[in-house]
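J.: Sharing a sequence plus its predicted fold:
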Amino acid sequence: MSSRTTDEKLVYMANQIATFFESQAEGTRAQRVAEHLRSFWEPRMRDRLFEMMDRGEADDLKPLARKGAEIWRAHGQAVPAHSEEE
Amino acid sequence: MKDFLIPFDGPGGTGLHDDTDMGTPASTSTRTVTLRIDGFEVTVPEGTSVMRASAELGIEVPKLCASDNIEAFGSCRLCVVEIEGRRGTPASCTTPVAEGMVVHTQTSRIKKLRRGVMELYISDHPLDCLTCGANGDCELQDMAGAVGLRDVRYTPGDNHYDPSGTGARSQAEARLRDPVGINNPQFLPKDDSNPYFTYDPSKCIVCSRCVRACDEVQGTFALTIEGRGFDSRVSAGMKLDDFMTSDCVSCGACVQACPTATLQEKSVIEIGTPDRAVVTTCAYCGVGCSFKAEMRGDELVRMTPYKHGKANRGHSCVKGRFAYGYAAHQDRILNPMIRDTIEEPWREVSWEEAISFAATRMRGIQEQYGKKSIGVITSSRCTNEETYLVQKMARAVFGNNNTDTCARVCHSPTGYGLGQTYGTSAGTQDFDSVEDSDVVVVIGANPTDGHPVFASRLKKRLRAGAKLIVVDPRRIDLVKSPHVEAAHHLPLRPGTNVAVVTAMAHVIVTEGLYDEEFIRTRCDWEEFQDYVEFVAEERHAPEAVEMLTGVPAEELRKAARLYATGGNGAIYYGLGVTEHSQGSTTVIGIANLAMLTGNIGRKGVGVNPLRGQNNVQGSCDMGSFPHELPGYRHVSGSEVREVFESLWNVKLDHEPGLRIPNMLDAAVDGSFKGLYCQGEDILQSDPDTKHVAAGLAAMDCVIVQDLFLNETANYAHVFLPGSTFLEKDGTFTNAERRINRVRRVMAPKNGYADWEVTQLLANAMGGGWTYTHPAQIMAEIAATTPSFANVSYELLEEKGSVQWPCNDASPEGTPLMHIDGFVRGRGRFIRTEYVATDEKTGPRFPLLLTTGRILSQYNVGAQTRRTENSRWHEEDVLEIHPHDAETRGVRDGDYVRLASRSGETSLRAEITDRVSPGVVYTTFHHPTTQANVITTDFSDWATNCPEYKVTAVQVSPSNGPSDWQRDYEAQAEQSRRILPAAE
């Protein structure tokens, strides 16, 4: 697949992350999506995702991805970030 | 191994340690034996040969067929000794020491015997010593001197050296007698088919060292002794073969082993013998072999593997041993160049003008588009010190965290997966560990091609009885090669790694083969129970995933059982694991397998990523990733930032920067406008070439620092000439976390080492850096990075190399990780749900393309394509199964069109059953092919590592290059125009 726009890629990537954490034990899945996003996403990617969510342009986001993104937005710096070493 | 005098000033000078050939391999016995040799008492390990025990005393017993990297052979009869109480004159190489033994190495009887043996050798050897390529570096010559041979009494008769058959004693004399004739049926002409060395049968003494080196050290078994008695000859393959057409892989072990000029480097024949040597580290793959760069003046005569190198133990491959010609290639760019737009030709300018131009442009971009509009890409081919400076440039000078490295596109999932499970982003073992393995699992790696020296060490262990499991879509050479055969080959469908690894875990869990004691002691028990619940589900059973993976269930079960119960189990993996949309998940799955079976924390076990480039590990360690400061510490940590802020006197950004794919996306979107790219060629190496080109074309300032005008430079505005590993000091860190010195052996041809160029640019942008030697940069790394705390050039000179962590807890480094506990505390089991890639096959694109590398070429080929290695691989070819070829009307060698949803290219087809039906394979070494026009922008969920290994494609007959290839060639030609500097 090619020629996807950056917006499409952002939603796709967020969904990939959510897909992984969907398979993990229940309880902290959304929190862990938020942690992953905060650990690895650059601010302009974050800001654009939030903007798309606000404008209704991120309808393809999986519920868990959306929930994770919302936790990230709500708690900002309070969401822990992780290096590759825990 | 050839001995010749190298000026030796010990540690701190050339880096050389004692290079004496001890004659036979060291014994590993812990019991000792004491004996007397020539009146001196010596105590050595049981099993040591008399020859080696003598060498320990400094007594050099004459020898020709013995060398300490191959087993004793006892054929030359030169090393005979007398032993009190024993009859005869036994060969000291094949005679083990015994308690109380009394040996005499020099008696009148022995001297006479040796002289007689030597006389026979010389009677069938040309007396052309003064004009011989090995003059001064010939063991035969040395031994003739050592035994005091002063005359050859035999009249010329049947011999192998005189082509004229006229009784000449030298080939020079033979040519005078008969300039054109070859009248001697025993004479064979020189084989110079190999681009790097010659084979001259007329100088061969049939000692079999070359054959044994090929067998025992390299493990290729390409050479043999053909014929018997006087007809005995070294032969590469069958009688009609020469070295080039044989199975020889040009590792150089035979040349290294040869005691005469029979196998001789062409460079030595051309230049002469070297007069000094400097120990340094190979700049090719992640094995990180130590070499002696053997010099005459400032000319590199040859590279020979350093016997004390702890990664390679004296062995080499065709790339490190011979493919260094690129360093002096005419294509190297030695003058800085600039241009306003990429449509213009390059203008050669002074360093000052180039640096000023680059700095002004980059600062201008930041003023217009913001601080975060520029970034850097560090190089996994450059040294740790250089990489550290480039990431420092982004963080401290640019003021952002937009730094990434080529590990993004290879082993970033290793960092994530092992970091999450074990707590450290690196392999767990040293390479020596394989010698204690009982079962070796190779997943998604092709060591004989990608990591050849490790492959030789692995094959040696396999020949000694260890079992092998290969998980790979292709039938790689390890599956079946001389004296090596995999117990199980699981030829999985590309993209199903997670399903296979999870199914192996299912077998281990459901059949009760896991190591409960290890898990209870070392891992988080609750997480283990959660994992067991997940993995035990029937949907993960081999039978349940067989249709999906293509791996026969019973074969998978047997493989899992063998890994779990076969003794020390070690896993080695490569990019076939990481370069998938689930790359990180597979790494986690591999880590789970090792924890399940207790295969962590001792010799012979572990999880071992085989790193692609020489300094992938180091570039990651040095903080090249946009979310981590050196030592894998997240940028959000204020305490960590403060360490660097106080030292660098700047405020650091606390949020992650852009990764390479994000940089390119942002460039296309208009918010990322400037890039400093050191030593990487992202246009050729990164996926979805058209998107990479669009991103680069959208930038206002692309600075490329490289040896050559690479493909990325077609889109650059500033070109800063790079320096080779021969021209600078520094360190590389290999796949086993080993920090090895790189030593400058000649002045940089461009005037500056790469770290100096980075400093020039940083200072032009206000950096205020004052480094005068890379040792100072390493000192800064050590001062700021806990796992490097004790690393210094002084320690490296003393120890040769060290493996991180190297700090107060492990002052001399850490060969094995996680011995008493995991770095993160308790090992963490994580569920590994298989998720199919979204890159689907279908009617338009029914085949799966997977990409990789071959032995003779390296990465994008920028170095190896500029050497004779291209004789083995002149172009990328497409491997296709006979069934798939037949249904498409494709014949072997035909030009075919390879098309995906991303693009298309054309290349020649090679029909082979190494690949399964439905799978095709190619390499990405040649820009004329541009294999990455085909690959997609799908990537690993956690790290954005591209999914190179799975692309849905179609193959059809073609007449020639695709439109893209034609357009690209024209554009590249335009872009590479250079206007020389005005005089």
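T.: Thanks, I have it.
J.: so where's chain A shaky on pLDDT?
T.: Regions of chain A meeting the criterion pLDDT under 70 cover residues A:1-2, A:85-86.
J.: Quick one: name the residues of it near chain B.
T.: A:1-4, A:6, A:9, A:13, A:16-17, A:19-20, A:22-25, A:36, A:38-45, A:77, A:81-86 (Cβ under 8 Å from any Cβ of the partner chain). All C-beta atoms are positioned from the backbone trio N, CA, C, and that covers glycine.
J.: quick one: the closest residue to B:Ala55 other than its chain neighbours from B:Ile110, how far?
T.: The shortest distance from B:Ala55 to any non-neighbouring residue, by Cβ to Cβ, 6 or more residues apart in numbering or on different chains, is to B:Met22 (4.5 Å). For B:Met22, the distance to B:Ile110 equals 20 Å [Cβ to Cβ, to the nearest Å].
J.: now A:Phe50
T.: From A:Phe50 to B:Ile110 the distance is 87 Å (Cβ to Cβ).
J.: ok so, going back, which of the residues of chain A next to chain B fall within helices?
T.: A:6, A:9, A:13, A:16-17, A:19-20, A:22, A:36, A:38-40, A:43-45 (DSSP state H).
J.: In chain B, which helix is the longest?
T.: helix B:351-369.
J.: Following that one in sequence, what is the next regular element?
T.: strand B:374-378 (DSSP states H and E).
J.: Any part of that next one near chain A?
T.: No: if you take Cβ under 8 Å from any Cβ as the test, strand B:374-378 misses chain A, and the best it gets is 10.0 Å.
J.: and the angle from that strand to helix B:351-369?
T.: Counting by axes from the mean of the first three to the mean of the last three Cα atoms, to 10 degrees, strand B:374-378 lies at 130 degrees to helix B:351-369.
J.: Is B:Thr851 within a helix or a strand, and which one?
T.: Going by DSSP H and E, B:Thr851 is part of strand B:847-852.
J.: rewinding a little: A:Phe50 and B:Ile110: who's more crowded?
T.: B:Ile110 (20 against 15; other Cβ atoms under 10 Å in any protein chain shown).
J.: That one reaches B:Arg77, doesn't it?
T.: No: contact criterion Cβ atoms under 8 Å: B:Ile110 and B:Arg77 do not qualify, at 10.9 Å.
J.: still on that earlier bit, what sits against the residue nearest to B:Ala55?
T.: Residues in contact with B:Met22 (Cβ atoms under 8 Å, 6 or more residues apart in numbering or on different chains) are B:51-52, B:55-56, B:68.
J.: Quick check: the farthest pair among those residues?
T.: B:Glu56 and B:Asp68 (11.5 Å; Cβ to Cβ).
J.: For the residue nearest the centre of chain B, give me its contacts.
T.: Centroid-nearest residue in chain B, with Cα atoms, centre = their mean: B:Cys285, separated by 2.7 Å. B:Cys285 sits next to B:319, B:450-452, B:611-614, B:858 when contact means Cβ under 8 Å, 6+ apart.
J.: How about the backbone phi and psi for B:Ala570?
T.: phi -120, psi 140 (degrees, to the nearest 10).
J.: Nearest residue to it in space, please, no chain neighbours.
T.: B:Ser437 (4.4 Å).
J.: Measure how far the strand holding B:Thr851 is from the centre of its chain, please.
T.: 23 Å (Cα atoms, centre = their mean, to the nearest Å).
J.: Show me the contact partners of it.
T.: Under Cβ under 8 Å, 6+ apart, the answer for strand B:847-852 is B:446, B:449-450, B:473-474, B:493-495, B:575-576, B:841, B:884, B:898, B:900, B:918-924, B:931, B:934-935, B:948-955.
J.: likewise stretch A:4-22?
T.: A:29-30, A:32-33, A:36-37, A:45, A:48-49, A:52, A:57-58, A:60-62, A:64-65, A:68-69, B:581, B:585, B:665-666, B:668-669, B:833, B:835, B:937, B:939, B:941-942, B:944.
J.: are any of those buried, and which?
T.: The neighbour-count test (16 or more other Cβ atoms under 10 Å in any protein chain shown) marks A:29-30, A:32-33, A:36-37, A:45, A:48-49, A:52, A:58, A:61-62, A:64-65, A:68-69, B:581, B:585, B:665-666, B:668, B:833, B:835, B:937, B:939, B:941-942, B:944 as buried among those.
J.: one step back: ok, and for the strand holding B:Thr851, which residues are buried?
T.: Applying 16+ other Cβ under 10 Å to strand B:847-852 flags B:847-852 as buried.
J.: Would you map the helices across the stretch 251-400 of chain B?
T.: Taking DSSP state H, counting those that start in this stretch to define them, one finds helices in the stretch 251-400 of chain B at B:253-257, B:266-271, B:318-322, B:351-369, B:384-392.
J.: Could you do the stretch 601-750 of chain B as well?
T.: Residue ranges of the helices in the stretch 601-750 of chain B, as given by DSSP H, counting those that start in this stretch, are B:616-621, B:638-648, B:660-669, B:682-685, B:689-697.
J.: how about JSON lines for those, with mean pLDDT and distance to B:Gly237 added?
T.: What follows is these, written out as JSON lines (pLDDT from 0 to 100; distance: least, Cβ to Cβ, whole Å):
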{"stretch": "helix B:616-621", "mean pLDDT": "95", "distance to B:Gly237": "35"}
{"stretch": "helix B:638-648", "mean pLDDT": "97", "distance to B:Gly237": "57"}
{"stretch": "helix B:660-669", "mean pLDDT": "96", "distance to B:Gly237": "44"}
{"stretch": "helix B:682-685", "mean pLDDT": "91", "distance to B:Gly237": "35"}
{"stretch": "helix B:689-697", "mean pLDDT": "94", "distance to B:Gly237": "39"}
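J.: Among the ones you listed, single out whichever gets nearest to chain A.
T.: Taking Cβ to the nearest Cβ, helix B:660-669 is the member of the helices of the stretch 601-750 of chain B nearest to chain A, at 4.3 Å.
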